[in-house]
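Participant: Any chance you can model this:
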Amino acid sequence: MNYFVCSCFFFFMFLGAAQEANYFPEKNTEWESKTPSDVDIDQDVLQKAVTFAMENEYSGSRDLRIAILKGFEREPFHEILGPTKKRGGPAGLILKNGYIIAQWGDIDRVDMTFSVTKSFLSTVTGLAEDKGLIAKVTDKVSSYIWDGTFAGKHNAKITWEHLLQQNSDWSGELWGGKDWADRPPKEGGLDDWKYRALREPGTVMEYNDVRVNVLAYSLTHVWRKPLPMVLKEQLMDKIGASTTWRWHGYEHAWTEVDGLQMKSVTGGGHSGAGLFINTKDMARFGLLFLNDGKWKNEQLISADWIKKAIQPSIPNANYGYMWWLNNKGSRHWQGLSENLYYAAGFGGNFIVVDKEHQMVVVTRWLEPSKIGELMTKIKTALD
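Facilitator: Numbers count the residues shown, from 1 in each chain. Take a look at the predicted model:
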């Protein structure tokens, strides 16, 4: 075999391997599958992980109105403000190199996904920075949103990054939700929470849906269009997502932009609303991140944004830009890669991105405390 022929042979072998490692499912076609043994994974051990996921269903009610009201009953003034939907049973997908190697439950069923929505909201922020609508996320939001939402000595200091990392301590009220009444501390009462000393932005992480919704509101004004439209046009259509997903806001969360009334969506569902989506569309989103924001030959979101999004914040080593990180900290999954990152939502909804093993794991309605154990069982199948 001469040098030219030999070179071409190895080139096309490499090209074929690269294509196999980066398979992307087409829209409205059957998603290709491989058996675990096809990709050197122990099929019996992986099946045990799948069985574990099916047998450890989230213990809360399938009527999510009941589950929501019970789950957040400590919050004063808490009520359902947006759409809800009764959920299905456990469901999930495991991808390896883009191929389905395991699945369970009804992966086409559309369900609420709660705070998994935050990772989609974060991505809409990244798209805004990529397109220059936001110059940089370390800019103060008050430079963009001047309607009083970020007025005052404290709120004026808040940057987009602070909102993304949930360490802004934004103070105020949006759509009837008071920042201090959302997930209040275990100690004290209404006056203690309402008149607390504000923390310097960037110093203390506090999971808070009112402040997340402030980010969504601000992005609506920056994009000058409803965020579901942005997500659809900029991302979901391009990754071949179905037409079944919906992103809702509270019933009264209307704002005016350019003379048009627009619904401002939520970044979660603990008062209803948020992203309603099926398991396969969640997996497509995870696959986009596994491939550093590239789908086939098109860079949909910059690799630089993804790199920033999964950097640990100073107040919480397990949290980036609305993605959870498996760094050592209070949420570390022992024995698993510290490079894992994931979207997580109430009721056991997860999108896990495992770059080291070229895997995406989506699991729904898993008892939340069992996610680390499930991922350990999946890793065992790889060893």
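Participant: In this structure Leu382 contacts Gln43, no?
Facilitator: No. With contact defined as Cβ atoms under 8 Å, Leu382 does not reach Gln43; the gap is 11.9 Å. For glycine as for every other residue, the C-beta is placed from the backbone atoms N, C-alpha and C.
Participant: ok, those two, which is more surrounded?
Facilitator: Leu382 (17 against 14; other Cβ atoms under 10 Å).
Participant: how much space between that one and Pro36?
Facilitator: 9 Å (Cβ to Cβ, to the nearest Å).
Participant: for this structure, what are the low-confidence residue spans?
Facilitator: Scanning the chain for pLDDT under 70 picks out the ranges 1-21.
Participant: for it, longest strand please?
Facilitator: strand 246-257 (DSSP state E).
Participant: what's in contact with whichever helix or strand comes after it?
Facilitator: Next along the chain after strand 246-257, taking DSSP states H and E as the criterion, comes strand 260-265. Contacts to strand 260-265, defined as Cβ atoms under 8 Å, 6 or more residues apart in numbering, come from residues 175, 213, 216-217, 220, 225-228, 247-249, 253-256, 273-274.
Participant: 7 Å instead?
Facilitator: With contact meaning Cβ atoms under 7 Å, 6 or more residues apart in numbering, strand 260-265 is reached by 216-217, 220, 226-228, 247-249, 253-255, 273.
Participant: Can I have the buried ones of these as a PyMOL selection?
Facilitator: For the buried members of the contacts of strand 260-265, the matching PyMOL selection, counting by 16 or more other Cβ atoms under 10 Å, is:
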select buried, resi 216+217+220+226+227+228+247+248+249+253+255+273
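Participant: Mind picking the one among the contacts of strand 260-265 that's closest to Tyr58?
Facilitator: Ala273 (19.5 Å; Cβ to Cβ).
Participant: Excluding residues flanking it in the chain, which one is nearest that closest one?
Facilitator: Nearest non-adjacent residue to Ala273, counting by Cβ to Cβ, 6 or more residues apart in numbering: Gly82, 2.8 Å away.
Participant: and the one you found, what is it in contact with?
Facilitator: His248, Gly249, Tyr250, Glu251, Thr266, Ser271, Gly272, Ala273.
Participant: any idea which of these is closest to Phe120?
Facilitator: Nearest to Phe120 out of those is Thr266 (Cβ to Cβ; 11.1 Å).
Participant: who's in contact with the closest one?
Facilitator: Gly82, Thr117, Asn213, Ala216, Gly249, Tyr250, Ala273, Gly274.
Participant: Over to Glu161?
Facilitator: Counted by Cβ under 7 Å, 6+ apart, Glu161 has contacts Val137, Thr138.
Participant: Now the element after the helix or strand containing it, going C-ward?
Facilitator: For Glu161, the element it lies in under DSSP H and E is helix 160-165. Going down the chain from helix 160-165, the next helix or strand is strand 173-174, by DSSP H and E.
Participant: Contacts for that following strand, please.
Facilitator: By Cβ under 7 Å, 6+ apart, strand 173-174 touches Val210, Asn213, Val214, Tyr217.
Participant: How about residues contacting the next helix or strand after it?
Facilitator: Counting by DSSP H and E, the element after strand 173-174 in chain order, helix or strand, is strand 177-178. Applying Cβ under 7 Å, 6+ apart, the contact partners of strand 177-178 are Val210, Asn213.
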